[in-house]
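A.B. asks: starting from these lines, generate the structure:
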Amino acid sequence: MKMPPLNALKTFEVAARHQNFSRAGDELCVTHAAISHQIKNLEDWFGRKLFRRQNRRVRLTRAGQYLLSHISVLFEEMADVCQRVKSSGQRHTLSVGCIPSIAARWLIPHLGNFSTQHQDIDLQVLYAQADNRLSDGDYDILITLGEDTAAHVKSEKIFSRATRPVCSPGFLEKHPDLSNPLNIAKVSLLHDETKEDWQDWFSKAGITEINQLSGPIFQDTNLMTTAVIAGHGIALCPVEIYREEITRGDLIPLSEVETNTDAGYYLTTESERSEAVEIFVDWFKAITNQQKKTS
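C.D. replies: Got it, this is the predicted structure:
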């Protein structure tokens, strides 16, 4: 035989860790005599002593120390491999919290692709609000606005939130001279939750004499974007999120002036990621990077 019995090697590893045969017997649920018997058989196989017996105590010989330093790593690797094989046939369910604007444009259209590639992982897509953080719900993965700086979590920026004014082609036909910020201020403006974003944009565009901003306020970005595409006015939209609509010509950017350039959308998980979470993160980053390259 090129190798001694695996059971004898495991007995040695436990006994060497404890340097006590009785404690090794307790861990392995066998008697002190059984431990001694396995160690003797192993020493016979190697043809050298692995322990020095001193009264009721044992100490590793140099050969025993060398053997322990190598087989401990091998047993850890073996346990990891066995666990991976055991879990490979199990189904996993991941709860993915996602804000609607990203879910509708970047996540849901590709769910079929994920299911085909990873048939052992079921996704549960949950509604998330822009200010949610990982601890706010039962999320394995959270995709939302802003970085989660809590301890024991990992946040990765996946999109910029840089916003620019956009409108539909039909609206631009009715209001052809919208390259001037002053003319933008004269038409219907659409607002996402607050009018402050437009105030910031006009300030950055160098327009300060606007006292009142017209137009409806929408609680949800998706609703506001639907209104823009329908031709109801001009809105400030994060251009990376709406890259496909811009590429198709459904939305037309009206200015190079941007606000919210330092903000972003983040994918957040626990710092210690399971294999299933790691698979989803790699997949989602891959599809977003691919779409950015092709659009």
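
A.B. asks: in this protein, which spans are helices?
C.D. replies: Counting by DSSP state H, the chain has helices at residues 6-18, 21-28, 32-46, 62-88, 100-102, 111-117, 169-174, 181-184, 196-204, 221-229, 243-248, 275-294.

A.B. asks: any weak-confidence spans in this protein?
C.D. replies: Within the chain, the segments meeting pLDDT under 70 span 1, 87-90, 211, 291-295.

A.B. asks: of all the helices of the chain, which one is nearest V153?
C.D. replies: Among these, the nearest to V153 by CB to CB is helix 275-294 (11.8 Å). Where you see a C-beta, it was placed from the backbone N, CA and C, and this is true even at glycine.

A.B. asks: name the residues that touch the closest one?
C.D. replies: If you take CB atoms under 8 Å, 6 or more residues apart in numbering as the criterion, helix 275-294 is touched by 84, 87, 92, 94, 96, 106-107, 110, 113-114, 117-118, 121, 123, 140-141, 143, 156, 158-159, 240, 243-244, 267, 269-270, 273.

A.B. asks: make TSV out of the helices of the chain and add distance to L254 and mean neighbour count.
C.D. replies: Shown next, in TSV, are the helices of the chain (distance: least, CB to CB, whole Å; neighbours: other CB atoms under 10 Å):
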stretch	distance to L254	mean neighbour count
helix 6-18	70	19
helix 21-28	72	18
helix 32-46	79	16
helix 62-88	52	12
helix 100-102	20	21
helix 111-117	33	12
helix 169-174	8	13
helix 181-184	7	17
helix 196-204	11	17
helix 221-229	11	19
helix 243-248	11	16
helix 275-294	22	14
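
A.B. asks: now these as CSV including distance to H152?
C.D. replies: Output for these, formatted as CSV (distance: least, CB to CB, whole Å):
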stretch, distance to H152
helix 6-18, 30
helix 21-28, 31
helix 32-46, 40
helix 62-88, 22
helix 100-102, 24
helix 111-117, 26
helix 169-174, 47
helix 181-184, 45
helix 196-204, 33
helix 221-229, 30
helix 243-248, 33
helix 275-294, 14
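
A.B. asks: which one, of these, ends up nearest to T163?
C.D. replies: That would be helix 196-204 among the helices of the chain, by CB to CB, at 6.9 Å.

A.B. asks: next one: that closest one to chain centre, how far?
C.D. replies: Centroid separation for helix 196-204 versus its chain: 32 Å, with CA atoms, centre = their mean, to the nearest Å.

A.B. asks: elements contacting it?
C.D. replies: With contacts defined as 3 or more CB pairs under 8 Å, 6 or more residues apart in numbering; DSSP states H and E, the packing partners of helix 196-204 are strand 163-167, strand 189-192, strand 234-238.

A.B. asks: quick one: closest of the helices of the chain to E258.
C.D. replies: Per CB to CB, nearest to E258 of the helices of the chain: helix 196-204, 7.9 Å.

A.B. asks: thinking again about what came up before, ok, which of the helices and strands packed on helix 196-204 comes nearest H152?
C.D. replies: Judged by CB to CB, the one of the helices and strands packed on helix 196-204 that comes nearest to H152 is strand 234-238, at 28.6 Å.

A.B. asks: sheet partners, orientation included, of that closest one?
C.D. replies: strand 163-167 (antiparallel), strand 189-192 (parallel) (DSSP bridges).

A.B. asks: most tightly packed of those strands?
C.D. replies: Per residue and on average, the most neighbours among these fall to strand 163-167, with a mean of 24 (mean count of other CB atoms under 10 Å).

A.B. asks: just the C-alpha atoms of it, please, in CSV.
C.D. replies: Coordinates of each C-alpha in strand 163-167 appear next as CSV, following Å, rounded to 0.1, in the frame of the first residue of the first chain:
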residue,chain,number,x,y,z
THR,A,163,-28.3,62.8,-14.2
ARG,A,164,-29.0,64.8,-17.3
PRO,A,165,-32.3,66.3,-18.7
VAL,A,166,-34.0,64.1,-21.2
CYS,A,167,-37.3,64.2,-23.2
